[in-house]
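Peer 1: show me how the following folds:
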Amino acid sequence: MPRLEPELPEFTNNGERHVWQRLSDQLGDDDLLVANLRLTDRKQDHELDLVVGLAGFGVVVVEVKGGQVRCEPDGSWSQPWGNGRRTISPVRQARNGKYALRSYADADPRWRKRRIRWAHAVALPYTDVDADFATPECPRWSIAGRRDMADLATFLRDLLHHQEDGNPPASAEDIAHLHELLQGRMHPQHELLGEAAEREDRTDRLTQQQSMILDAIRLLPRVEIRGGAGSGKTWLALEQAERLSRQGQRVALLCYSRGLARFLRRRTETLPRRSRPAYVGTFHGLGELWGATLLDSDDDSDFWEHRLPEEMTRLAAGLPAGHRFDAVVVDEAQDFADAWWPALLAALRHEEESGVYVFSDEGQRVFARFGGVPLALVPLVLDTNLRNTRQIGDTFGTLAPIRMRLAGGDGPDVSLVECEAADALAVADDQVDRLLEAGWRPEDVALLTTGSRHPEQAQRQDEGQDRYWDSFWDTEQVFYGHVLGFKGLERRVVVLALNEAEPRERSTERLYVGLSRARDQLVVCGDPDYVERVGGPQVLRRLTASQPVGKESTIPVTEQ
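Peer 2: Below you'll find the model as predicted:
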């Protein structure tokens, strides 16, 4: 896949979208595809539909015109407009855009007037262009018609290959350098938190755009939405619970872990009263609401997995109509055991008609129990990672249950700091200190473990679960947690301590959860051999791609 700028552009017409999609599918990893580039010089403002950087060839500015375009006998061009046609100048626009872009690059001291091949072209995705078409300003080899779309990238490469302007082809380095120039000439030391806030705003916007999925299922009462880490499942679960509540339905929004339940409650408490679900919390907390007595200890797995759910099923069967639910929304549903579902279904107002909306990620099934919904659900798949930077998303991509498209933008490189499992906590503490010195705030950072708890986590939990989870929102403290309790949650920065001496059952899933909790920066402290045994050689290779693995590994912070 080429470098895309922006990752998910917005288009005003289908023609531009069609050509962009064709090129994004056809270009190579070293190529560049820029959409809707606005460029201003002293003469005028230019809007370049597409800029295509082709490693080994050069740069082409492409002007796209949709509809049935005509070249009139007098040499003018026209396209449909309303009930008639309007005159257009696609060749002039493409040519002027090429010269403006070349001048912009030449004026940048970082470019130093590199000599590469520049060209311009016109793309007419819905117009047939005859093989012998030509005008004085537009020979056939510079205009791509409908039949050229199937291999448009080759069409543009041929255009540059046969161009005899005395300039050499552009190298992959040239294309990467042009991409850097198009980011602007701001000071190289970007402000750390400002960059993170910008990524977060962009991510939130993309996540909200996923609400169209909920529009599509509004008439479906039983749905399972599956997606990998970072795909926005929790946001969609919250949005669905809010929508159903606003419609007057009595809704239960549930999850397994205390931390995620606390997060969901805090988010829903800010909603207008009519939009708040009737119940927000853990599955077991629902049993307590119905009158079941919970144990103080988590050690009795038979109680939590079987005896309590059986009691909850009996209690649900006796609920009065006013206490039943019109719909249940379950986040991180892959961690719900088989024995839990009968209790939820028994609490529905209508056995066949009440809503069941399940959000799951099979890659995060870090518990040995099997949890399958005993219902026929309509499955939908989220295949885009919105929440993690591309650097972070790339590290765990091979562990995800489905191949994910990375749309989270660029951030700092991921770091792997080599150490033995016994030393992982101490090394992780040092990395936290370095991150704080680099400019991150305590509220931005979480230290997560895959094995035993960090002493700071243990101390806070000894003071009570409520006080412990309050520290998650404490702006003065780094948060300390375990990957098992951090599912569905995220932090701008995560230091992951791989402190398991030996792989255990489902260690791969724990590694997947740990790698995917950071939005902006990830530092992993552990043994590379352990990473390879648990995650495979691809995960290790991606963790070490940006720097050598070693005790002296440094944390890249402000340089991207």
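Peer 1: okay, now the unreliable bits of the protein?
Peer 2: Along the chain, the parts satisfying pLDDT under 70 run over 112-113, 185-192, 363-371, 546-560.
Peer 1: quick one, helices of the stretch 451-560 of the chain?
Peer 2: For the stretch 451-560 of the chain, the helices defined by DSSP state H, counting those that start in this stretch cover 455-462, 465-470, 507-515, 528-535, 537-543.
Peer 1: would you format those helices as CSV with mean neighbour count and distance to Ala241 included?
Peer 2: From N, CA and C alone the C-beta is placed, and that goes for glycine too. Output for the helices of the stretch 451-560 of the chain, formatted as CSV (neighbours: other CB atoms under 10 Å; distance: least, CB to CB, whole Å):
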stretch, mean neighbour count, distance to Ala241
helix 455-462, 15, 28
helix 465-470, 15, 20
helix 507-515, 24, 23
helix 528-535, 19, 34
helix 537-543, 18, 34
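Peer 1: looking at these, which is closest to Val122?
Peer 2: Nearest of the helices of the stretch 451-560 of the chain to Val122, taken as CB to CB: helix 537-543 at 40.0 Å.
Peer 1: using PDB, write out every CA atom in that closest one.
Peer 2: Extracted C-alpha coordinates of helix 537-543, given in PDB (Å, rounded to 0.1, in the frame of the first residue of the first chain):
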ATOM      1  CA  PRO A 537       9.000 -13.600  14.500                       C
ATOM      2  CA  GLN A 538       6.900 -11.000  12.700                       C
ATOM      3  CA  VAL A 539       6.000  -9.300  15.900                       C
ATOM      4  CA  LEU A 540       9.600  -9.200  17.000                       C
ATOM      5  CA  ARG A 541      10.700  -7.900  13.700                       C
ATOM      6  CA  ARG A 542       8.200  -5.100  13.800                       C
ATOM      7  CA  LEU A 543       9.200  -4.200  17.300                       C
END
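Peer 1: measure the residue most central in space within the chain to Met404 for me?
Peer 2: In the chain, the residue lying closest to the centroid (CA atoms, centre = their mean) is Leu386, at 1.8 Å. Leu386 sits 10 Å away from Met404, taking CB to CB, to the nearest Å as the criterion.
Peer 1: find residues that contact each of these two.
Peer 2: 230-231 (CB atoms under 8 Å, 6 or more residues apart in numbering).
Peer 1: all helices of the stretch 251-400 of the chain, in order?
Peer 2: For the stretch 251-400 of the chain, the helices defined by DSSP H, counting those that start in this stretch occupy 258-268, 283-290, 301-302, 308-317, 341-346, 390-396.
Peer 1: ok, and what's touching the first one?
Peer 2: With contact meaning CB under 8 Å, 6+ apart, helix 258-268 is reached by 234, 237-238, 241-242, 253-255, 276-277, 280-282, 285, 331-332, 465, 469, 472-473, 481, 485-489.
Peer 1: how far does that helix sit from the chain's center?
Peer 2: 21 Å (CA atoms, centre = their mean, to the nearest Å).
Peer 1: let me know the angle separating it from helix 283-290.
Peer 2: Using axes from the mean of the first three to the mean of the last three CA atoms, to 10 degrees, the direction of helix 258-268 lies 70 degrees away from that of helix 283-290.
Peer 1: identify each buried residue in helix 258-268, please.
Peer 2: For helix 258-268, burial by neighbour count (16 or more other CB atoms under 10 Å) applies to 258-265, 267-268.
Peer 1: nearest to Gln538 among the residues you listed?
Peer 2: Leu260 (28.7 Å).
Peer 1: coming back round to it: can you select the buried ones from the contacts of helix 258-268 in PyMOL?
Peer 2: If you want just the buried ones from the contacts of helix 258-268 in PyMOL, going by 16+ other CB under 10 Å, the selection is:
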select buried, resi 234+237+238+241+242+253+254+255+276+277+280+281+282+285+331+332+469+472+481+485+486+487+488+489
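Peer 1: out of the helices of the stretch 251-400 of the chain, flag the one nearest Leu496.
Peer 2: helix 390-396 (10.2 Å).
Peer 1: now what about the closest one, what contacts it?
Peer 2: Here helix 390-396 has contacts from 229-230, 385, 404, 406, 408-414, 511-512, 515-516, 518-522, 535, 539, 542-543, 546, using CB under 8 Å, 6+ apart.
Peer 1: show only the entries of the residues you listed found in strands.
Peer 2: 385, 406, 518-522 (DSSP state E).
Peer 1: can you select the buried ones from those in PyMOL?
Peer 2: To isolate the buried ones among the ones in strands among the contacts of helix 390-396 in PyMOL, judged by 16+ other CB under 10 Å, type:
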select buried, resi 385+406+518+519+520+521+522
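Peer 1: how about the ones in strands among the contacts of helix 390-396 in a markdown table, adding distance to Ala424?
Peer 2: Output for the ones in strands among the contacts of helix 390-396, formatted as a markdown table (distance: CB to CB, whole Å):
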| residue | distance to Ala424 |
| --- | --- |
| Asn385 | 26 |
| Leu406 | 27 |
| Ala518 | 17 |
| Arg519 | 22 |
| Asp520 | 22 |
| Gln521 | 18 |
| Leu522 | 15 |
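Peer 1: out of the ones in strands among the contacts of helix 390-396, who's nearest Asp128?
Peer 2: Leu406 (36.5 Å).
Peer 1: residues contacting Asn78?
Peer 2: Residue 78: Ser, not Asn. When contacts are counted by CB under 8 Å, 6+ apart, Ser78 touches 69-70, 72, 85-88.
Peer 1: with respect to Gly291, which of the buried residues of helix 258-268 is nearest?
Peer 2: The closest of the buried residues of helix 258-268, once distances to Gly291 are taken by CB to CB, is Ala261, at 19.3 Å.
Peer 1: rewinding a little: would you list the helices of the stretch 251-400 of the chain in JSON lines and tack on distance to Ala438?
Peer 2: Putting these into JSON lines (distance: least, CB to CB, whole Å) gives the following:
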{"stretch": "helix 258-268", "distance to Ala438": "26"}
{"stretch": "helix 283-290", "distance to Ala438": "39"}
{"stretch": "helix 301-302", "distance to Ala438": "42"}
{"stretch": "helix 308-317", "distance to Ala438": "46"}
{"stretch": "helix 341-346", "distance to Ala438": "45"}
{"stretch": "helix 390-396", "distance to Ala438": "16"}
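Peer 1: who touches stretch 473-480?
Peer 2: By CB under 8 Å, 6+ apart, the residues outside stretch 473-480 that reach it are 266, 432, 436, 441-443, 445-448, 453-454, 456-457, 460, 471-472, 491.
Peer 1: could you dump that stretch to CSV, C-alpha only?
Peer 2: Only the C-alpha atoms of stretch 473-480 are listed here, as CSV (Å, rounded to 0.1, in the frame of the first residue of the first chain):
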residue,chain,number,x,y,z
TRP,A,473,-8.5,9.4,36.1
ASP,A,474,-6.0,11.0,38.6
THR,A,475,-4.1,13.6,36.5
GLU,A,476,-1.2,13.6,39.0
GLN,A,477,-0.5,9.8,38.8
VAL,A,478,0.8,7.3,36.3
PHE,A,479,-1.6,4.4,36.2
TYR,A,480,-0.4,0.9,37.0
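Peer 1: returning to that earlier point: in ChimeraX, select just the buried ones from the contacts of Ser78.
Peer 2: The following ChimeraX line selects those of these that are buried, judged by 16+ other CB under 10 Å:
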select :69,85,88
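Peer 1: pick out the most distant pair among the contacts of Ser78.
Peer 2: Farthest pair in the contacts of Ser78, by CB to CB: Glu72 and Arg86, 12.2 Å.
Peer 1: can you show me the helices along the stretch 101-250 of the chain?
Peer 2: 152-161, 172-181, 192-209, 211-216, 233-246.
Peer 1: could you give the angle of the third one to helix 233-246?
Peer 2: Which is helix 192-209. Using the same axes, to 10 degrees: helix 192-209 against helix 233-246 is 50 degrees.
Peer 1: tell me the helices and strands packed up against helix 192-209.
Peer 2: strand 518-526 (3 or more CB pairs under 8 Å, 6 or more residues apart in numbering; DSSP states H and E).
Peer 1: can you spell out the domain ranges of the chain, please?
Peer 2: Split into domains by automatic domain parsing, the chain comes to 3-181, 217-382, 390-543.
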